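Visitor: sequence first, then the predicted structure, then my questions.
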Amino acid sequence: MGKAHDFTTRVIWTGNRGEGTRSYRGYDRTWDIAAPGKPVVHCSNDPMLGGDPAKMNPEDLLLSALSACHMLWYLHMASDAGVVVLSYRDDPVGHGESEPSGKGRFLSADLRPLIEVPAGTDLEAAAAIHDRIHEVCFIARSVNFPVRCMPDFRTV
């Protein structure tokens, strides 16, 4: 049996315009994510559903968590393998669908990291690290859709 982990945060709805949910269009789909000692993250619904495009939405947060978990494992495994990473940036894309009823879901996600490594790095070995990450990444192991990784390497 594995070691149990508990993760906590606080989600606080901030969209009450004064009458709560008395009418469907009478409240905002905004909230804050708060955890002791950490900055507050202001969030909103997906803009496709009337949310504020300047704020993170649940889909943004899930995709970001997936990408960040992959990145952290990549950096760890690269260090263990002697692969020096100078910079890492990912522009992931989540592919989803919405049904006429309003139900939606992710179908898949593509991670597209751009990784800078020193000239002379064995790029084949650096790329092979990505293939092992989804065996250990907490978030990737928790989602029910395929996650693909398409790394691009730059040597400097």
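Guide: Arrived safely, thanks for sending.

Visitor: walk me through the domains of this protein.
Guide: Using automatic domain parsing, the domain parsing of the chain gives 10-49, 58-155.

Visitor: JSON lines for those, including mean pLDDT?
Guide: JSON lines is the format used below for the domains of the chain (pLDDT from 0 to 100):
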{"stretch": "domain 10-49", "mean pLDDT": "93"}
{"stretch": "domain 58-155", "mean pLDDT": "96"}
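
Visitor: need phi/psi at I129.
Guide: Phi and psi for I129, reported as degrees, to the nearest 10, are phi -60, psi -40.

Visitor: quick revisit: can I get the domains of the chain in a markdown table with mean neighbour count?
Guide: Glycine gets a C-beta too; all of them are placed from N, C-alpha and C. Formatted as a markdown table, the domains of the chain follow (neighbours: other CB atoms under 10 Å):
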| stretch | mean neighbour count |
| --- | --- |
| domain 10-49 | 12 |
| domain 58-155 | 15 |
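
Visitor: among those, which is nearest A4?
Guide: domain 58-155 (13.0 Å; CB to CB).
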